[in-house]
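K.L.:
Sequence first, predicted model second:
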Amino acid sequence: QTKIENVLNIKHISVVFDGFKALTDVDIQVKRNTIHFFIGPNGAGKTTLLDIICAKTKPTSGTVHFYPQNGSDLRLTGMKEYKIVNEGIGRKFQVPSVFVELTVIENMMLSLKGHKGVWNSIFYKLSKEEEKQIMTVLEKVGLEGRRDVPAGSLAHGEKQWLEIAMQLVQKPEIIMLDEPAAGMGKPETFRTGELLQEIKKDCTVIVVEHDMEFVKQIADTVTVLHEGKVLMEGDITDVLADQTVQAVYLGR
Ligand code: ADP
């Protein structure tokens, strides 16, 4: 039953960099179709944990298993990074990395067609089916009216949403986002929250975040990391009420 409910099982993960313990015996289960936050002060190990999941970093010990919807059990630890992307785990970094000189729809095409033969895919004519697939995702993020605008002329928030759309068009089962609302004003942050709630219906969302208002708006589960260990896990109300969390994280 673990496999049906959980999409990710992070077991006994430890990472040591030149004698420095970045993560120590981290155990986390991520439930399917939820928004799961990793929070904690700078240096807590949040980014390292994302790097472990997508196999950018190799753990010193421990394993990560992914249970896709087709019922299989994939051990991500030791897999190639590109293979993990192909299996349906996408990641978006904090700084938007769209091709600024290409239009919104061209950026989406590149993402849909893959980076093999980048230039070919620009001149590639989209099939009706592919165009529909792209437009459905652009509508979801609210950029359907901007399809022929160069990505470089989008507002900061729109660029972030385009990058999320570029992930979604690949139909991932998990997307990992590093501070998706960084640099956004309140209305855009709120809109991003609504978008992630829409996305979790088809996909599991893992977010590293500092903005507690944003966490409160949408979190299903929050894992607090501190000095490379799991300090606490639960819903945001319990986490914020916890004395230990307040002491080490919120500095009260
Ligand atoms: P967070 O994302 O929570 O701010 P990180 O995962 O980036 O924390 O970093 C955790 C700790 O591991 C930090 O003290 C950082 O300096 C250290 N660290 C991260 N990556 C490396 C690396 N490649 N080599 C050495 N130390 C690293």
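P.N.:
Right, received. Where do you want to start?

K.L.:
pLDDT weak spots in the protein?
P.N.:
For the chain, the stretches flagged by pLDDT under 70 are 1-4, 114-124, 249-252.

K.L.:
who in it is up against the ligand?
P.N.:
17, 20, 22, 40, 42-48 (C-beta under 6 Å from any ligand atom). The way it works is simple: take the backbone N, C-alpha and C, and place the C-beta from them, glycine included.

K.L.:
Which members of those residues occur in strands, if any?
P.N.:
Using DSSP state E, the members of the residues of the chain next to the ligand that fall within strands are 17, 20, 22.

K.L.:
Count the neighbours of the last one for me.
P.N.:
Meaning Ala22. When neighbours are defined as other C-beta atoms under 10 Å, Ala22 has 21 of them.

K.L.:
one step back: show the buried residues in the residues of the chain next to the ligand.
P.N.:
Neighbour-count burial (16 or more other C-beta atoms under 10 Å) applied to these gives 22, 40, 44-48.

K.L.:
Throw those residues into CSV and include distance to Leu126, thanks.
P.N.:
Output for these, formatted as CSV (distance: C-beta to C-beta, whole Å):
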residue, distance to Leu126
Ala22, 43
Gly40, 42
Ala44, 43
Gly45, 42
Lys46, 37
Thr47, 35
Thr48, 39
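
K.L.:
Relative to Ser153, which of those is nearest.
P.N.:
Among these, Thr47 lies closest to Ser153 (C-beta to C-beta), at 30.0 Å.

K.L.:
looking at it, that closest one is touching Val208, isn't it?
P.N.:
Yes. Assessed by C-beta atoms under 8 Å, Thr47 is found in contact with Val208 at 6.7 Å.

K.L.:
And the helices in the stretch 101-250 of the chain, which stretches?
P.N.:
For the stretch 101-250 of the chain, the helices defined by DSSP state H, counting those that start in this stretch cover 104-113, 118-123, 128-141, 156-168, 186-199, 212-218, 236-241, 243-248.

K.L.:
could these be laid out in TSV, adding mean neighbour count?
P.N.:
Converted to TSV, these look like this (neighbours: other C-beta atoms under 10 Å):
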stretch	mean neighbour count
helix 104-113	22
helix 118-123	11
helix 128-141	16
helix 156-168	22
helix 186-199	16
helix 212-218	17
helix 236-241	15
helix 243-248	14
